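S.K.: pasting the structure only:
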């Protein structure tokens, strides 16, 4: 499952014949393949009754694959039953049928599900391949008139890295218009931004990234969403290339400001905790924070460093100590993955002694009893974190093969590396 949809009353799930193959994975190749024997079906789950144990209603459809959905809607009253549910999405006739380079074109299709008769009607809405369909997000789950996406410039089969345009569909009239950036340009996913909350459906802006192969440059472009023929409203050159296929959205609550302790856009954590996940570019992170002094001040606040320096046991008051207290927090959470690496940011910013102070304070949360591991061990995550912190070394950016050194807890330690190899760590005096 790559994507799913919601209408006013239903969640829509796609169960399609691209399957995981463990044998392929073990050979190091892409582990997904086309399996026509698996079949294809789409399930509609009533969102209100799902809490009471309701199961999806499944509709068999002709074999196909779907990466991205444009929208879905139904004709039911809020919380009620619908007669029809509609789904607009990009349909591939097959995917990876015969190899990882077998990528069939993606055509905009509409499915209409009849919940009374159990039948489904399918129709193709356009004859040009596309990718990354988007709508005015205010229409998510409701009938929409307009949609936007990326289409091949030559109007036929799309090839990876071939020139593209931004297409706009009028789903009422069936018309398609495009904005063409030129024969050497590829475009990213177009995101619609309304001029105001009272604006009509296409009254606003399209924002996207554009790469120009002629000079290997990228730029951020703002278009008039209501008229694709107009020149861009704004073009902002970017200092580096944005990868082809990059897509997503920034968002905030309507009518409210951003709260760095909030959970919107973050899983099992907050912006305060996720802000340190830039180990691959610490100079860039410090610059974005206003310089090293300001970044270190923010890091001190994050750990409540002065309190820890005075009493390591202050962590039980200063930090997030509930194993599932993920949200509405602005301090270090020693129980969960998003910020477990944060103590070593001190080292990467030139203050390694503070890393050791934080680690010794964190280690007070561990004990030798049945509940001696802080938080949820998550298949050994917290146990491994403790071992690394006690040994005096911690993995840098995953996949780099580098370790960050700090003061170990023990004067001597040995690690059996297998195949007759032993890692021995010895120091003159441990920092207990």
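M.R.: Yep, that arrived. All figures in this text were calculated on a predicted structure; none of them were measured in a lab.
S.K.: all helices for the stretch 251-400 of the chain, in order.
M.R.: Secondary structure of the stretch 251-400 of the chain (DSSP state H, counting those that start in this stretch): helices at 271-274, 282-288, 292-303, 305-310, 315-318, 345-348, 352-363, 381-391.
S.K.: Please work out which of the ones you listed is packed deepest.
M.R.: Of the helices of the stretch 251-400 of the chain, the one with the most neighbours on average (mean count of other C-beta atoms under 10 Å) is helix 345-348, at a mean of 22. For the C-beta atoms, the positions are set from N, CA and C on the backbone; glycine is no exception.
S.K.: residues of stretch 399-413 that come out buried?
M.R.: 404, 406, 407, 408, 409, 413 (16 or more other C-beta atoms under 10 Å).
S.K.: Actually, stretch 131-150.
M.R.: Those would be 131-136, 139, 141, 143-144, 146-150, for stretch 131-150 by 16+ other C-beta under 10 Å.
S.K.: That one: how far from the chain's middle?
M.R.: From the chain centre to the centre of stretch 131-150 is a distance of 19 Å (C-alpha atoms, centre = their mean, to the nearest Å).
S.K.: quick one: low-confidence ranges for the stretch 251-400 of the chain?
M.R.: Low-confidence segments of the stretch 251-400 of the chain (pLDDT under 70): 251-258.
S.K.: at 50 instead, please
M.R.: For the stretch 251-400 of the chain, applying pLDDT under 50 flags no range at all.
S.K.: Likewise for the stretch 1-150 of the chain?
M.R.: If you take pLDDT under 50 as the line, the stretch 1-150 of the chain has no such spans.
S.K.: try 90 this time
M.R.: Where the stretch 1-150 of the chain drops to pLDDT under 90, the residues are 1, 25-30, 51, 79, 99-103.
S.K.: what's near enough to touch residue 118?
M.R.: Applying C-beta atoms under 8 Å, 6 or more residues apart in numbering to residue 118 gives the contacts 57, 59.
S.K.: switch the cut-off to 10 Å
M.R.: When contacts are counted by C-beta atoms under 10 Å, 6 or more residues apart in numbering, residue 118 touches 57, 58, 59, 60.
S.K.: re earlier: any chance of the helices of the stretch 251-400 of the chain in CSV with distance to residue 103 as columns?
M.R.: Below are the helices of the stretch 251-400 of the chain laid out as CSV (distance: least, C-beta to C-beta, whole Å):
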stretch, distance to residue 103
helix 271-274, 33
helix 282-288, 34
helix 292-303, 43
helix 305-310, 51
helix 315-318, 51
helix 345-348, 40
helix 352-363, 46
helix 381-391, 36
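S.K.: Figure out which of those helices is closest to residue 176.
M.R.: helix 271-274 (38.9 Å; C-beta to C-beta).
S.K.: Need the contact partners of that closest one.
M.R.: With C-beta under 10 Å, 6+ apart as the criterion, helix 271-274 contacts 258-268, 298, 301-302, 320, 326-327, 329-333, 336-340, 342.
S.K.: Also stretch 284-295?
M.R.: 275-279, 281-283, 296-299, 345, 348-351.
S.K.: one step back: go through the buried residues of stretch 131-150 and say which is closest to residue 80.
M.R.: residue 141 (14.2 Å).
S.K.: thinking the closest one is in contact with residue 9, fair?
M.R.: Yes: taking contacts as C-beta atoms under 10 Å, residue 141 lies within contact range of residue 9: 8.7 Å.
S.K.: Now for those two: what residues contact both?
M.R.: By C-beta under 10 Å, 6+ apart, residue 141 and residue 9 have these common neighbours: 47, 73, 74.
S.K.: In strands, which of these fall?
M.R.: 73, 74 (DSSP state E).
S.K.: Turn the shared contacts of residue 141 and residue 9 into TSV, columns for distance to residue 65 and neighbour count.
M.R.: Formatted as TSV, these follow (distance: C-beta to C-beta, whole Å; neighbours: other C-beta atoms under 10 Å):
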residue	distance to residue 65	neighbour count
47	25	16
73	22	23
74	24	26
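S.K.: Could you measure from the residue most central in space within the chain over to residue 134?
M.R.: Nearest to the geometric centre of the chain sits residue 248, at 7.8 Å (C-alpha atoms, centre = their mean). Residue 248 sits 11 Å away from residue 134, going by C-beta to C-beta, to the nearest Å.
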